[in-house]
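**Q** here's a sequence, model it:
(one chain, ligands or ions: 2)
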Amino acid sequence: MTETDVTVVLGTRPEIIKLSPVIRACEQAGIEYSVIHTGQHYSDSLDSVFFDQLELPTPEYHLGVGSGTHGKQTAEMLAGVEEIILEEEPEIVLVQGDTNSVLAGALATSKLNIELGHIEAGLRSFDRSMPEETNRVVTDHVGDYLFTPTAQSAAYLREEGITDERIYVTGNTVVDAVKQNRELAQEKSTVREELGITGEFALLTAHRAENVDDKDRFRSLLSGVGQAAVELDMEVIYPIHPRAKNKLEEFELDVSDQIRLVDPQDYIDFLTLESTATVILTDSGGVQEEACILGVPCVTLRENTERPETLEVGANRLVGTNSARIVDGAHEAVQTMTHWENPFGDGTAAEQMLNTLPVSGASEVEQ
Ligand code: UD1
Ligand code: UDP
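**A** Ligands and ions are numbered 1, 2, ... in the order given. Alright, predicted model coming up:
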């Protein structure tokens, strides 16, 4: 046994949020762990704000890779993670999700014959034009412990020839994160007062490369959301990701007066906005899940989703970026009953994962 049992690799906003329950569970069980931050996200509003609010320790290693083309960014992270893993010799490396940081962490680990755990394994959009799909598929195929959120994601893995010994259905750590922070959000968040929200509103997030990097698609998305806002007589709050903000400026797109652009929010403020919105419009993966968990109807601004469970329980509908379909989807969503079962587990995913891994102290994690 080496000094570090578990090394966690992360780099972006959703990874920090969804790994926070895992890091907490390591602390609770006295597991020796270290964190490598790739630096893929570096703006305070996508990065340090979450470490502060979720009370996460400062990562032992920070690669400072930053933005870049897929190849360059991934290559720099791969080289950086490899160097640290060689030094740390962990028993297990954990990655979460489908970003370039995940791909780099997975490849570096696998090539060094160190065991790899993939959290949120088995998601498939079946759309290889998305960079995230390549990252997920490759990571699952080199992973040793594949922690899937649902039986459906486990089934996708089996269909690709992955055997049962590598698959563990644990639920998604996003449920753990929502449970751990929802009460805090209710007690502490003043975001509604700060934004002067008094009545019904819709919440929008859109940042996916396939939507915002394409001028026509982004224009159509904004126009559909603006039209829906007028017809539903609701303001739309749009905490805008820097990628989308840059593209909005570059393309000089018009934004309806009914859509209010605000800075990216911290987690408890965003949870508050999500749980009090009448409807959520999004192209985010994590936001589709959280809307479903929080019982708020969701309209997904994509043609496909790797979260089909949200569609099956009636929490979500796919509308793409066509303006008329967005308007129809928003009307349908606000008429939806909001009682459905959360398909993503009971909020003990992090504990289940650590109890599965062959690391010292893991048996002490409470169920
Ligand atoms: C990445 C993930 C995406 C995930 C998203 C979460 C990949 C391929 N994409 O997309 O799956 O949904 O994170 O938010 O890994 N930028 C900043 N500050 C930052 C980070 C980025 O201003 O801290 C801007 C830069 O202009 C950068 C652009 O956003 O070029 C895109 O950043 P990047 O990390 O490449 O991808 P995301 O769109 O954030
Ligand atoms: N989120 C946040 N503030 C925001 C927007 C999103 O805290 O202004 C959180 C959200 O609650 C979810 C995660 O960020 O947990 C989703 O990340 P993102 O949409 O960037 O990435 P994706 O899930 O699409 O990969």
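
**Q** which SS class is T338?
**A** Assigned by DSSP: H, G, I helix; E, B strand; the rest coil, the conformation of T338 is coil.

**Q** state the phi and psi torsions of the closest residue to it other than its chain neighbours.
**A** Excluding its sequence neighbours, the residue lying closest to T338 (CB to CB, 6 or more residues apart in numbering) is G295, at 4.7 Å. For glycine as for every other residue, the C-beta is placed from the backbone atoms N, C-alpha and C. Main-chain dihedrals, G295, degrees, to the nearest 10: phi 80, psi 30.

**Q** tell me the contacts of G117?
**A** I92, V93, L94, V95, G143, D144, Y145, L146, F147, M353, L357 (CB atoms under 8 Å, 6 or more residues apart in numbering).

**Q** please redo it, this time with the cut-off set to 7 Å
**A** Going by CB atoms under 7 Å, 6 or more residues apart in numbering, G117 touches I92, L94, G143, D144, Y145, F147, M353, L357.

**Q** ok so it is a helix residue?
**A** No: checked against three-state DSSP, G117 lies outside a helix; its state is strand.

**Q** pLDDT score for it?
**A** In this model, G117 is scored at 98, pLDDT.

**Q** ditto for T4
**A** Reported pLDDT for T4: 81.

**Q** so it sits against P90, correct?
**A** Yes: shown here, T4 and P90 form a contact pair, counting by CB atoms under 7 Å, at 4.6 Å.

**Q** these two - which one has more neighbours?
**A** P90 (24 against 21; other CB atoms under 10 Å).

**Q** the more buried one touches V8, doesn't it?
**A** No: contact criterion CB under 7 Å: P90 and V8 do not qualify, at 9.4 Å.

**Q** for the stretch 201-350 of the chain, what lies in contact range of ligand 2?
**A** Neighbours of ligand 2 within the stretch 201-350 of the chain, by CB under 6 Å from any ligand atom: T205, H207, P239, P264, Q265, Y267, F270, S284, G285, G286, V287, E290.

**Q** just the ones in helices from those residues, please.
**A** Y267, F270, G285, G286, V287, E290 (DSSP state H).

**Q** report the separation between the third one and A291.
**A** G285 is 11 Å from A291, where distance means CB to CB, to the nearest Å.

**Q** so between the two, which is more surrounded?
**A** Per other CB under 10 Å, whichever of G285 and A291 has more neighbours is A291, with 27 against 23.

**Q** list the contacts of the more buried one.
**A** Per CB under 7 Å, 6+ apart, neighbours of A291: E274, I280, C298, A315.

**Q** give me that answer again for 8 Å
**A** E274, I280, T282, P297, C298, T310, A315, N316.

**Q** equivalent analysis for P90, please.
**A** P90 touches T2, T4, D5, V6, T7, S34, I114, counting by CB under 8 Å, 6+ apart.

**Q** quick one: which of these has the most company?
**A** That'd be T7 among the contacts of P90, by other CB under 10 Å, with 26 neighbours.

**Q** find residues that contact each of T4 and P90.
**A** Joint contacts of T4 and P90 (CB under 8 Å, 6+ apart) are S34.

**Q** what do P90 and V8 both touch?
**A** With CB under 8 Å, 6+ apart, P90 and V8 have common neighbours S34.

**Q** strands of the stretch 251-367 of the chain, residue ranges please.
**A** 259-262, 279-282, 298-300, 316-318 (DSSP state E, counting those that start in this stretch).

**Q** pick the most deeply packed of those.
**A** Most buried of the strands of the stretch 251-367 of the chain, by mean neighbour count (mean count of other CB atoms under 10 Å): strand 298-300, with a mean of 28.

**Q** avg pLDDT for it?
**A** On average, strand 298-300 scores 98.

**Q** contacts for that strand?
**A** 279-283, 287-288, 291-292, 310, 315-319, 326, 329-330, 333.
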